[in-house]
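>>> 3D model of this:
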Amino acid sequence: MATEKKDIGLSKTLKLPKYVTREEAEDAVRVLLRWAGEDPKREGLIDTPSRYVKAFKEWFAGYENDPVEILSRTFDEVEGYDEMVVLRNVRFESHCEHHIAPIIGNADVAYLPDKRVVGISKLARLVDLYSKRLRIQERFTAQIATTLNNVLQHKGVGVVVEASHGCMTTRGIEKTGLTMVTS
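Okay, here's the model as predicted:
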């Protein structure tokens, strides 16, 4: 359970400078295709750089959203409800910051309300926001918990994440069926 309240700069939307144009990004994909031994001018690959850059933007859309804004609307019509609220099995897709390999899993998000509750879709949106950034699972778990704790100031917060890491299953040690659990 996260109980420590510390300032982690949640009140600002993360806006990264755009030093690279879309054309430069597509050129980089062409370079990688050539490096892998392919011909980017081959019929099946002509549109691949454009599609990949579009997918990359979708995969990492979490940098463009503000977690505080997601959690800004709460409800006080709880009629004294003070038991744990749990949203289980929030599926997510992310990418590890070490290999940009997929991380696929589920998050369980729980909180103990203090007079106010947040819509459950906001919990799923928070998981989505943080999953759409390069990361390690430990930071992903901590960011969800810390954001809920700092923004909503509930009596307690708990987050459990279970995921399979492509960097373990498709390269390197190549062990399938493994999952990592963080809380």
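
>>> And the worst-scoring helix or strand of the chain on mean pLDDT, what does it pack against?
The helix or strand of the chain with the poorest confidence is strand 74-75; it has a mean of 86 (mean pLDDT, DSSP states H and E). Applying 3 or more C-beta pairs under 8 Å, 6 or more residues apart in numbering; DSSP states H and E, we find strand 74-75 packed against strand 117-118. C-beta: built from backbone N, CA, C; applies to glycine.

>>> on that earlier part again, quick one: strands adjacent to the following helix or strand past the least confident helix or strand of the chain?
Using DSSP states H and E, the helix or strand that follows strand 74-75 in sequence is strand 85-96. Partners of strand 85-96 in the sheet, by DSSP bridges, are strand 102-112 (antiparallel), strand 134-135 (parallel).

>>> Including mean neighbour count, could those go into CSV?
Formatted as CSV, the strands paired with strand 85-96 follow (neighbours: other C-beta atoms under 10 Å):
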stretch, mean neighbour count
strand 102-112, 20
strand 134-135, 18
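
>>> hmm, back to that, from the middle of its chain, how far away would the least confident helix or strand of the chain be?
24 Å (C-alpha atoms, centre = their mean, to the nearest Å).

>>> Need the residues that contact that strand.
116, 117, 118, 119, 152 (C-beta atoms under 8 Å, 6 or more residues apart in numbering).

>>> Just send the strands paired with strand 85-96 back as CSV, with mean pLDDT and distance to residue 68 too.
CSV is the format used below for the strands paired with strand 85-96 (pLDDT from 0 to 100; distance: least, C-beta to C-beta, whole Å):
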stretch, mean pLDDT, distance to residue 68
strand 102-112, 97, 16
strand 134-135, 94, 19
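
>>> of all those, which lies closest to residue 157?
Shortest separation from residue 157 across the strands paired with strand 85-96 is recorded for strand 102-112, at 4.9 Å, computed as C-beta to C-beta.

>>> I'm done for today, thanks for sticking with me.
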